[in-house]
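Enquirer: fold the following.
(chains A and B)
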Amino acid sequence: MKRILVSIKRVVDYNVRIRVKPDGSGVITDGVKMSINPFDEIALEEALRIKEKGLAEEVVAVSIGPADCQQQLRTALAMGADRAIHVQTDAIIEPLTAAQVLKALADREQPILAILGKQAIDDDCSQTGQMLAALWQRPQATFASKVEVDGDKARVTREVDAGLETLEVDLPAVITTDLRLNEPRYVKLPDIMKAKKKPLDSIEPASLGVTPTEVVKAVHFEPPASRSKGSMVKDAQELVAALRSKGLV
Amino acid sequence: MAKVLIVAEHDGSKLNPATAKCVACASQIAGAEISIAVFAANPTPVAAQAAALQGVVQVHTVAHPLHAQPMAATIAPQLAELAAGHSHVFGPSTTFGKDLMPRVAALLGAPQISDVMAAESATRFKRPIYAGNAIITVEIPADRQVVATVRVASYQPVAAQAASASIVAVNPAASVPTHTRFVSVTAARSDRPDLQTASKVVSGGRALGSAENFQILYSLADRLGAAVGASRAAVDAGYAANDMQVGQTGKIIAPELYLAFGISGAIQHLTGIKDARTIVAINKDAEAPIFEVADIGLVGDLFQIVPEIEKLIAQSN
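Expert: Model (predicted):
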């Protein structure tokens, strides 16, 4: 079966203003809204579109983390994923561990594509997709803004610093999604009802031969250095004068 | 003792300034021995520039026709091999480095620290998380090899000097895979400075209203010798090319002067500019969050103000 694996990370919602705990032990996440990482939503949308074009037959959503991740997996199923796998653990999951889990699942599920968000908006690491590609010894096309699947190959346009780069990769391959790849669909109420009947397997990392290890220890959290509020000018003339006095024009 | 291997970013003839910034980051580690790896079809011109960077003791060159186009899949196995014996492997936090370094880290079984903004020691690093709304200090065990990307906006490039480091051609045994093939790159070629390294940046938001209206910013930028950037809203609306996007998911920049026209200042955008020396905000909405971080603010209609600024600057020159 032509299958696409999509990873779903549960993160603090995009619109939440993050605050650091006063004692520097972390950021405040109690009671804040949690969502699917926006880049992962784009990854899922792309997988669904590839399936809807008849180029894949099944979309499998995977999330790694505590029991609450099942909420995001249910949303993924409501969006259109066919089934979900929850790799349940309360351990801190570093990108390399996540990649090891996904590699084990890739071996089991034999997908033609693994599509991941280019980064998670909580830790902003931007590592897991590339690490999965390395462990899986498959091509990677990161920061994708266009994906064309053609037989046993895919042509991927990437957003790079210089502009747009196009790569051709043999399948299976890993793709990570950039912002403008697509606009994810909204979930409709009947889909939410239907999603409740779709299969959601819960397994443990150990069953995939992975033991989460914490190598990078968080020592301290602090708010960023704040910029002091500057002054207001009343027109362009004052503005240019101010810039000139600073030697900037 | 720390031994840092830095992968050079270049276009085949010129070394990207991001590489000298990685050297600056590595130099924060006391007593670090710094070397640079250059992957290219013909590494000679780039290797000479890398060898001149202050603090670099050795440059390794790997010549291969497939390295004419830098690709993570082709460079990673060879870079991982060269990394043996090095405690740290660094690359820039540009799309080149972000693509490549995690692949190297996974091949090495090493953790990666992304976007290092300060190396406090060989094992302790600071990096931004949550779009820069928090800074985390992390510690890795001293006996672990570590891979990192360097947040280029946090560093000034080290200087070039006359004395040159030794240049050694190496031939890694790791084979170069062919499962990933370069097809093309379309760069919006312009005579303007590069957005990532420009000392002045003129930037526009959704308020510009169209791609045509962006012309007034290009015109002002040319007068100032500035690069042109854009907010995510402007790029999403199709007013500006995607490589112009400044912010959490676009480019993180640190120019001397940042002029923001019609940009409201979403936190994701502010992340991309908080290291700018002087931020100037021009916006119709006096309540726009951008004014909270601007050094100089002006409430008004940008379509009037932009040409006025250009005229005033033209008069003085």
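Enquirer: which residues of chain A fall in helices?
Expert: Using DSSP state H, the helices assigned to chain A run over residues A:38-52, A:69-79, A:95-109, A:128-136, A:189-195, A:236-245.
Enquirer: export those helices to JSON lines and tack on mean pLDDT, distance to chain B and mean neighbour count?
Expert: From N, CA and C alone the C-beta is placed, and that goes for glycine too. Shown next, in JSON lines, are the helices of chain A (pLDDT from 0 to 100; distance: least, Cβ to the nearest Cβ, whole Å; neighbours: other Cβ atoms under 10 Å in any protein chain shown):
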{"stretch": "helix A:38-52", "mean pLDDT": "98", "distance to chain B": "8", "mean neighbour count": "23"}
{"stretch": "helix A:69-79", "mean pLDDT": "98", "distance to chain B": "18", "mean neighbour count": "22"}
{"stretch": "helix A:95-109", "mean pLDDT": "98", "distance to chain B": "6", "mean neighbour count": "22"}
{"stretch": "helix A:128-136", "mean pLDDT": "98", "distance to chain B": "4", "mean neighbour count": "28"}
{"stretch": "helix A:189-195", "mean pLDDT": "93", "distance to chain B": "26", "mean neighbour count": "13"}
{"stretch": "helix A:236-245", "mean pLDDT": "94", "distance to chain B": "4", "mean neighbour count": "17"}
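Enquirer: what's the closest of those to residue B:298?
Expert: helix A:236-245 (5.3 Å; Cβ to Cβ).
Enquirer: send me the closest one as PDB with only the CA atoms.
Expert: This file holds the C-alpha atoms of helix A:236-245, laid out as PDB (Å, rounded to 0.1, in the frame of the first residue of the first chain):
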ATOM      1  CA  ALA A 236       9.200  62.600   7.700                       C
ATOM      2  CA  GLN A 237      11.400  65.700   8.200                       C
ATOM      3  CA  GLU A 238      11.900  64.900  11.900                       C
ATOM      4  CA  LEU A 239      12.500  61.300  11.100                       C
ATOM      5  CA  VAL A 240      15.200  62.000   8.600                       C
ATOM      6  CA  ALA A 241      16.800  64.500  11.000                       C
ATOM      7  CA  ALA A 242      16.800  61.900  13.700                       C
ATOM      8  CA  LEU A 243      18.400  59.300  11.400                       C
ATOM      9  CA  ARG A 244      21.000  61.900  10.300                       C
ATOM     10  CA  SER A 245      22.000  62.700  13.900                       C
END
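Enquirer: show me what contacts residue B:226?
Expert: The contact partners of residue B:226, taken as Cβ atoms under 8 Å, 6 or more residues apart in numbering or on different chains, are B:192-193, B:198, B:200-202, B:220, B:257, B:259.
Enquirer: if we check chain A, which of those residues are in contact?
Expert: Checked against chain A using Cβ under 8 Å from any Cβ of the partner chain, the contacts of residue B:226 yield the following neighbours: B:200, B:257.
Enquirer: flag the shaky bits of chain B, pLDDT-wise.
Expert: Applying pLDDT under 70 to chain B flags the ranges B:188-189, B:317.
Enquirer: the longest strand seen in chain A versus helix A:128-136: what angle between them?
Expert: Of all the elements of type strand in chain A, the one with the most residues (DSSP state E) is strand A:140-150. Angle of strand A:140-150 versus helix A:128-136, following axes from the mean of the first three to the mean of the last three Cα atoms, to 10 degrees, is 80 degrees.
Enquirer: quick one, strand A:140-150 and helix A:38-52 angle?
Expert: Using the same axes, to 10 degrees: strand A:140-150 against helix A:38-52 is 20 degrees.
Enquirer: tell me the strands beside strand A:140-150, with direction?
Expert: Counting by DSSP bridges, the strands paired with strand A:140-150 are strand A:153-160 (antiparallel), strand A:173-177 (parallel).
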